[in-house]
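In: sharing a sequence plus its predicted fold:
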Amino acid sequence: MSAADPQHPFAALLGRWQTTGTVLDDAGAPAVAVEGTDEYELMVGDRWVVHRVDVRLGPDRARALELIGDHDPQARTWAMHAFDADGSYSLMRASRRPDGSWLFAADEVRAGLRVHADGRSMSATWERWMPPDRWLRWMDLRFERQNVCQPTG
């Protein structure tokens, strides 16, 4: 498959995106502005997606590299291996919801990502687990497509 193949499960995400949004405090009020870029591209062989994140959260910069792939057909999920510039590592699972949006989930965080019908924008809502029994809205992000990525080889 090529980057333009609409049958690839992540085809709609491929490209460079301008990222804006807000981190919310525990009361749900805007606390920190988010601004930067997200980029999704296929690796050679089209089995892995490389996701690069470079954003500012207020005065702080957050950079990460994520590899999305390792499809589990029985669970209908893809592994998301994220490596942050601060040295931390996390593992999430990606799955498609019945409405076509994505769910990215780990034990204590989750995000719903929706590519809008125009194909030029998407939005995400992140939540974090608040013991003992509820999910708290954490970030609202918006993405505007800048271009489409090509495979790396």
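Out: Received the coordinates, thanks. A quick note: this is a predicted structure, and the numbers were derived from the prediction, not measured. Residues are numbered from 1 along each chain as shown.

In: ok, and the closest non-adjacent residue to Leu13?
Out: Once its chain neighbours are removed from consideration, Leu13 has its nearest residue in Tyr40; the separation is 4.5 Å (C-beta to C-beta, 6 or more residues apart in numbering). From N, CA and C alone the C-beta is placed, and that goes for glycine too.

In: close enough to count as contact, that neighbour and Val49?
Out: Yes - using C-beta atoms under 8 Å, Tyr40 and Val49 qualify as a contacting pair, with a distance of 5.6 Å.

In: in this protein, where is pLDDT below threshold?
Out: Within the chain, the stretches with pLDDT under 70 are 1-4, 149-153.

In: change it to 50
Out: In the prediction, the chain carries residues with pLDDT under 50 at positions 1-3, 152-153.

In: please enumerate the shared neighbours of Tyr40 and Val49.
Out: Phe10, Leu13, Leu14 (C-beta atoms under 8 Å, 6 or more residues apart in numbering).

In: so is Ala12 in a helix, a strand, or just coil?
Out: On the three-state scheme (DSSP: H, G, I helix; E, B strand; the rest coil), Ala12 is labelled helix.

In: tell me what the helix or strand Trp135 falls within is packed against?
Out: Trp135 is located in strand 134-147, with elements delineated by DSSP states H and E. Contacts defined by 3 or more C-beta pairs under 8 Å, 6 or more residues apart in numbering; DSSP states H and E place strand 134-147 against strand 15-24, strand 30-42, strand 109-115, strand 121-130.
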